[in-house]
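Peer 1: sequence unavailable; structure follows:
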C-alpha cells in the first residue's frame, strides 16, 4: 500500500471517529471550546502518525513528537480534572 492510500485511510477514520464523538458530545450541550479540547488529541495523533510514514527523518521525528504530545495532553487533562474536582469538592464541604 502506498503512502497516499495510508493517509487517506487515516483521515477517513479521523473524520468518522470525530463525527461520532461530536454527535455524542453535542448531546451534553457543551460549548464548542470543550468539544475542540476533546478533538485536539485525536487530530494531533493522526497527523503525527501520518508523518511517521514519510522517509524524511525530521518529519518522522515530528510525527513521534505529535503522537507523544497527544498522549501527554490527554494525561494532563485527566490529572487536572481529578485535581480540580477534588479542590472543588473539598471547598464545598
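Peer 2: Arrived safely, thanks for sending. The structure displayed is predicted, hence computed values, not measured ones.
Peer 1: centroid-nearest residue for the protein?
Peer 2: What sits nearest the mean C-alpha location of the chain, by C-alpha atoms, centre = their mean, is residue 41, with 1.5 Å.
Peer 1: that residue reaches residue 74, doesn't it?
Peer 2: Yes - the pair residue 41 / residue 74 is scored as a contact, 5.0 Å apart, by C-beta atoms under 8 Å. In this view, the C-beta of every residue, glycine as well, is placed from N, C-alpha and C.
Peer 1: ok, back up a step: what helix or strand is the residue nearest to the centre of the chain on?
Peer 2: helix 32-51 (DSSP states H and E).
Peer 1: list the buried ones in the longest helix anywhere in the chain?
Peer 2: Using DSSP state H to define each element, the chain has its longest helix at helix 57-92. Neighbour-count burial for helix 57-92, counted by 16 or more other C-beta atoms under 10 Å, picks out 62-63, 66-67, 70, 74.
Peer 1: make CSV out of those residues and add distance to residue 82.
Peer 2: Formatted as CSV, these follow (distance: C-beta to C-beta, whole Å):
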residue, distance to residue 82
62, 30
63, 30
66, 25
67, 24
70, 19
74, 13
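Peer 1: which one of those residues is nearest to residue 8?
Peer 2: residue 63 (16.9 Å; C-beta to C-beta).
Peer 1: okay, now the unreliable bits of the protein?
Peer 2: By pLDDT under 70, the weakly predicted segments of the chain are 1, 93.
Peer 1: surely residue 48 touches residue 61?
Peer 2: No - distance between residue 48 and residue 61: 10.2 Å, which falls outside the contact criterion (C-beta under 8 Å).
Peer 1: anything in contact with each of those two?
Peer 2: Counting by C-beta atoms under 8 Å, 6 or more residues apart in numbering, residue 48 and residue 61 have no contacts in common.
Peer 1: what is the neighbour count of residue 44?
Peer 2: 19 (other C-beta atoms under 10 Å).
Peer 1: still on that earlier bit, excluding its backbone neighbours, what's nearest the residue nearest to the centre of the chain?
Peer 2: Of all residues not flanking residue 41 in the chain, residue 70 sits nearest, at 4.1 Å (C-beta to C-beta, 6 or more residues apart in numbering).
Peer 1: same deal with residue 34?
Peer 2: Here the residue nearest residue 34, using C-beta to C-beta, 6+ apart, is residue 25, at 7.6 Å.
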